[in-house]
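# Curious how this folds, go ahead:
(2 chains)
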Amino acid sequence: MATLAQSSSEQLIEVKDLRMHFPVTRGIIFQRRVGTVKAVDGVSFTIKRGETLGLVGESGCGKSTTGRAILQLYRPTSGQVIFQGTDLTKLRGNDLRHMRRRVQMIFQDPYASLNPRMTVGDIIAEPIRVHKLREGRAVRERVEELLHLVGLNPAFANRYPHEFSGGQRQRIGIARALAVEPDFVVCDEPVSALDVSIQAQVVNLLEELQDKLGLTYLFIAHDLSVVNHISDRVAVMYLGKVVELAEGPKLYSMPLHPYTQALLSAVPIPDPKVEQQRRRIILEGDVPSPLNPPSGCHFHTRCPIAIQKCREEEPPFVDYGNGHFAACWRARESATLMPEVARKQAEAITARIAADIGRVKSITHEQDR
Amino acid sequence: MAPLLEVRDLRTYFHTQDGIVKAVDGVSFYVNRGETLGIVGESGCGKSVTSLSIMRLIPTPPGKIAGGQILFDGEDLLQASEEEMRNIRGNRIAMIFQDPMTSLNPVLTIGRQITESLELHLKLTKKEARDRAVELLDMVGIPSASKRLDNYPHQFSGGMRQRVMIAMALSCNPELLIADEPTTALDVTIQAQILELINRLREELGTAVILITHDLGVVAGMTDRVTVMYAGKVVEEGPTSEIFANPRMPYTIGLLRSIPRLDEERGRRLTPIRGLPPNLIDLPPICPFSPRCDYAREECLASAPALRSVGQYHRAACHFDITIDTPVPQQVTSDVAA
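Next comes the predicted model:
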């Protein structure tokens, strides 16, 4: 028992080779299985107590599915989710319900995730009643305490969700998640639907609550600046797999995977001086369909430095020093190769502009004559 | 040289059951030929209504352009007849909308949607229009363009649809392109592709661009000048480098302080703007930002500040000389968002 307690103080949650496959069927009565969407395909990471792990990636990369599969909102196809020594994927019925008290979720859309027919007080009180944490008057008191905690007026308990703005609704969603005193919270794009000036309010609230209550977060978002700001470590996902995982500053200063490098270079920085000097790495094309992912490394179809090996063999997810993991055959060389790619791209674009302007000129000259 | 587009004291109001919403209330700005102007603001600040007013696409009722002038190449668009407007829309001024999923007609092929305006405005024959459409799709980077012409919008990804939208917008070589949140619905690597495309085409065609966005990062990289809007009014305007280096309106300062930056130092705390944007119905004659402003004083509640010059080409709507270095005065901070 002592060893278990010790290990749990170090690692709160461990995800091992998590897979979430969705069948694609055809036919109405006799459903034939015609394919599989491998939304999450072998994801592993650990989160320490009190830590924030950021999970970034583009739409369709499986980051939200990962969050849901960890909480058992989807039952994973295979893999383990070990939360304080218990494998959540093995739990059923009451055991699972009890465990849900410890792991909670904050949803993306503050407009769709609150029941419009319930008052805010009832929304927040519901999990307290379900888990029988308080009774009678104490429920009400707890609701008011929670509203105060998330920066809302406790008198708002009698109002309905439609009376609140997006940022305030997100605070209600946070209060509901915290009502059951969880240890671990999955934040699924909690600020994406909010305006910039409101985003900062919610990000700061999440940080304050973490300090106050010792929460552990899995912070899922597509906005790298926000993820980098709030997270201790960041995992980058592409097409169902984690391609790189490192501490925030390290990932930002020396990314190893070409996808991370392209992603980071694509994020605009609100400073014209910095922007003028930056060179973007523009990835060609779109993310391939997870229904039929490319062979070998999933990224090779868009990777500017892919070699034959990338097409044939899947790169292992290995530690390149001090917990900086990456899945790329060319991880060691990419830092020198990619700036060259960016330079060539910039040259190609300039050349194209010159060529096109030349063409337009020659056409107008002809017309003049 | 006169600017290509000059908006003077534009007022667009919406009549609702609760009262008159002054979505755009006395907005003025200009765009020179070949220049990129950024209009920044949060949802509800009136930036999209401004662009729709320029195109005269405000649904009437409930909306109504209550006053002002929109001078395009010297001609007031608000006085133009509906027929003259049809001739300008899509031909001399084109627009790209935010949502590439809903702004294409799902039951027409991409080819038909591009050739429609070519046949209408440029009087091309079907064959010529089709050739030109292939050229356009090729220009915006859609592979095997001639085959894709017969595809329907649902067969394209989000980024590809936005490329089609851009191809349509540029089909008649417009003098002005209005891009209303062109990349908001897209992923960041796709956003980079589209921004690069707009940049390249702008250079090639010499089109003036109005870029409407809430993303200060996009504005920093793409624009020559910036207009910041808040509650239906212009609150600051100036050259992009100047606005970012030396913002003078507390709202702009607040925005810059509240966004996380990828290249920021560790452990930096964001400074959010407290409260919420005001309701645009019956705005009292005070500085609209004063309820959220850290620097607000009594004068702010006496009258709404007009734009005043705070530097060469740089104007801000604030009674006081506040810069990003002005210390925030101590005051009772309440945690409760009322």
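# what's the burial count for residue A:323?
11 (other CB atoms under 10 Å in any protein chain shown). Placement of C-beta: from N, CA and C, glycine included.
# Identify the residues contacting it.
Neighbour list for residue A:323: A:233, A:245-247 [criterion: CB atoms under 8 Å, 6 or more residues apart in numbering or on different chains].
# What's the per-residue pLDDT of it here?
Residue A:323 is assigned 88 on the pLDDT scale.
# Does the residue in chain B that chain A sits nearest to lie in a helix or a strand, and which?
Residue nearest to chain A within chain B: residue B:217 (2.8 Å; CB to the nearest CB). Using DSSP states H and E, residue B:217 maps to helix B:216-222.
# so where do the helices sit in the chain?
As the question left the chain open, I've gone with chain A. A:2-10, A:63-70, A:93-100, A:120-130, A:137-149, A:166-178, A:196-213, A:224-230, A:248-253, A:258-266, A:272-277, A:308-312, A:331-368 (DSSP state H).
# wrong one, chain B
Under DSSP H, chain B gives helices at B:47-54, B:82-88, B:110-121, B:126-139, B:145-148, B:158-170, B:188-205, B:216-222, B:240-245, B:250-258, B:298-302.
# ok, residues contacting the last one?
Looking back up the chat, that one is helix B:298-302. With CB under 8 Å, 6+ apart, helix B:298-302 has contacts from B:286-287, B:290, B:293, B:319-320.
# from the chain's centre, how far out does the helix holding residue B:217 sit?
12 Å (CA atoms, centre = their mean, to the nearest Å).
# Who does the residue nearest the centre of chain B form a beta bridge with?
Taking CA atoms, centre = their mean, the centroid of chain B lies closest to residue B:212, which sits 1.9 Å from it. Bridge pairing for residue B:212 (DSSP bridges) gives the partners residue B:39, residue B:180.
# Please give me every residue in contact with it.
Residue B:212 neighbours (CB under 8 Å, 6+ apart): B:38-39, B:47-48, B:50-51, B:178-181.
# and the closest residue in space to residue B:213 that isn't next to it in sequence, what does it touch?
Leaving out its chain neighbours, the residue that sits closest to residue B:213 by CB to CB, 6 or more residues apart in numbering or on different chains is residue B:181, at 5.6 Å. With CB under 8 Å, 6+ apart as the criterion, the residues that contact residue B:181 are B:48, B:97-98, B:212-214.
# ok, 7 Å please
B:98, B:212-213 (CB atoms under 7 Å, 6 or more residues apart in numbering or on different chains).
# do residue A:303 as well
Residue A:303 neighbours (CB under 7 Å, 6+ apart): A:258, A:310.
# Could you measure from it over to residue A:183?
For residue A:303, the distance to residue A:183 equals 38 Å [CB to CB, to the nearest Å].
# Where does pLDDT dip in the chain?
All of this is about chain A. Scanning chain A for pLDDT under 70 picks out A:1-9, A:360-369.
# could you do chain B instead?
Judged by pLDDT under 70, the stretches of chain B that qualify are B:1, B:330-338.
# mind redoing it with 50?
B:332-338 (pLDDT under 50).
# Give me the subset of the contacts of residue A:323 that also touch chain B.
Restricting the contacts of residue A:323 to those touching chain B (CB under 7 Å from any CB of the partner chain) yields no residues.
# Residue 260: neighbour count?
No chain was given, so I picked chain A. 26.
# meant chain B, my bad for not saying
Residues near residue B:260, counting by other CB under 10 Å, number 20.
# What of the one 4 residues further on?
The number of residues packed around residue B:264, counting by other CB under 10 Å, is 15.
# what sits against it?
Residue B:264 makes contacts with residue A:229, as judged by CB under 7 Å, 6+ apart.
# What of residue A:345?
Counting by CB under 7 Å, 6+ apart, residue A:345 has contacts A:281-282.
# Return the distance of it relative to residue A:262.
Taken as CB to CB, the span from residue A:345 to residue A:262 is 11 Å.
# Residues that sit against both of the two, list them.
residue A:281.
# quick one on the thing from earlier: can you tell me which of the contacts of residue A:323 comes closest to chain B?
Nearest member of the contacts of residue A:323 to chain B, counting by CB to the nearest CB, is residue A:247, at 9.7 Å.
# so what's the closest one bridging to?
residue A:233.
# one step back: I'd like the helices of chain B laid out as TSV, including mean neighbour count.
Shown next, in TSV, are the helices of chain B (neighbours: other CB atoms under 10 Å in any protein chain shown):
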stretch	mean neighbour count
helix B:47-54	23
helix B:82-88	13
helix B:110-121	20
helix B:126-139	18
helix B:145-148	16
helix B:158-170	24
helix B:188-205	21
helix B:216-222	23
helix B:240-245	20
helix B:250-258	23
helix B:298-302	13
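# Generate a markdown table for those helices, with distance to residue A:87 as supplementary columns.
Output for those, formatted as a markdown table (distance: least, CB to CB, whole Å):
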| stretch | distance to residue A:87 |
| --- | --- |
| helix B:47-54 | 50 |
| helix B:82-88 | 66 |
| helix B:110-121 | 50 |
| helix B:126-139 | 52 |
| helix B:145-148 | 49 |
| helix B:158-170 | 38 |
| helix B:188-205 | 35 |
| helix B:216-222 | 42 |
| helix B:240-245 | 51 |
| helix B:250-258 | 41 |
| helix B:298-302 | 59 |
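# Relative to residue B:158, which of the helices of chain A is closest?
For these, the distance to residue B:158 is smallest for helix A:258-266, at 15.2 Å, taking CB to CB.
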